[in-house]
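Asks: after the sequence you'll find the predicted model.
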Amino acid sequence: MFTIIAAIGKNNELGKNNELIFHLKEDMKFFREKTDGHKIVMGHKTWDSLPGKLKNRENIVISRHDFPGPDRIIHDFNQFIDEYKDSDEEIFVIGGGTVYHQFLPYAKTLYLTEVKKTDSSATTFFPEFDKSDYKKEIIKKGSEDDLSYTFAKYTKI
């Protein structure tokens with residue numbers, strides 16, 4: 001089962017210049033707690049943006065090329081989907097924008113940190129999705145560094 005996790009702005013902003021737009025300690029903690037012990041899937045640019053391999057997770061990168069570092073490199077997206085789409089194992093999709101777009105039709109759950117701010121300099125966006133296809137649950141609301149946010153769980157109906 002595929003689960004998407006992301007922090008997004010009011011206009012679905014994700015990042016700029018291969019970096020996250022919103023840096024919230026509580027969001028990083030939420031991310032660690034949710035993904036700990038799971039497989040995480042990302043694109044090559046997201047992998048490059050990390051400080052290194054994320055501990056206690058199987059780091060999987062979708063890429064056309066082989067390179068050192070991740071636990072596994074996926075060259076064939078469709079084969080990977082076929083391998084795991086009916087699995088009970090929760091696999092977290094952690095970015096970036098293109099990878100979220102690819103996995104969105106297969107994701108049963110979305111954990112979105114919805115930041116109540118816009119950033120006109122964003123270059124990467126979370127894909128639009130029909131919220132009426134999901135049941136929304138508010139996990140927690142908070143604020144940090146003058147940014148208000150909501151941790152929301154969207155479960156496909």
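Replies: Yep, that arrived. Keep in mind it's a predicted model, so treat the numbers as computed, not measured.
Asks: direction included, what does the worst-scoring helix or strand of the chain on mean pLDDT pair up with?
Replies: Using mean pLDDT, DSSP states H and E, the weakest-scoring helix or strand in the chain turns out to be strand 19-20, at a mean of 89. Paired neighbours of strand 19-20 in the sheet (DSSP bridges): strand 13-16 (antiparallel).
Asks: now the partner strand: how far from the chain's centre is it?
Replies: In terms of Cα atoms, centre = their mean, to the nearest Å, the centre of strand 13-16 is found 12 Å from the chain centre.
Asks: list the buried ones in it?
Replies: 13-15 (16 or more other Cβ atoms under 10 Å). Placement of C-beta: from N, CA and C, glycine included.
Asks: ok so, going back, quick one: contacts of the least confident helix or strand of the chain?
Replies: Strand 19-20 has contacts (Cβ atoms under 8 Å, 6 or more residues apart in numbering) with 7, 14, 49.
Asks: ranges for the helices of the chain?
Replies: In the chain, the segments counted as helices under DSSP state H are 25-35, 44-49, 77-84, 97-103.
Asks: turn these into JSON lines, including mean pLDDT.
Replies: As requested, the helices of the chain are exported to JSON lines (pLDDT from 0 to 100):
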{"stretch": "helix 25-35", "mean pLDDT": "97"}
{"stretch": "helix 44-49", "mean pLDDT": "94"}
{"stretch": "helix 77-84", "mean pLDDT": "94"}
{"stretch": "helix 97-103", "mean pLDDT": "96"}
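Asks: residues contacting Asp119?
Replies: By Cβ under 8 Å, 6+ apart, Asp119 lies in contact with 9, 11, 13, 16, 21.
Asks: nothing else from me, thank you.
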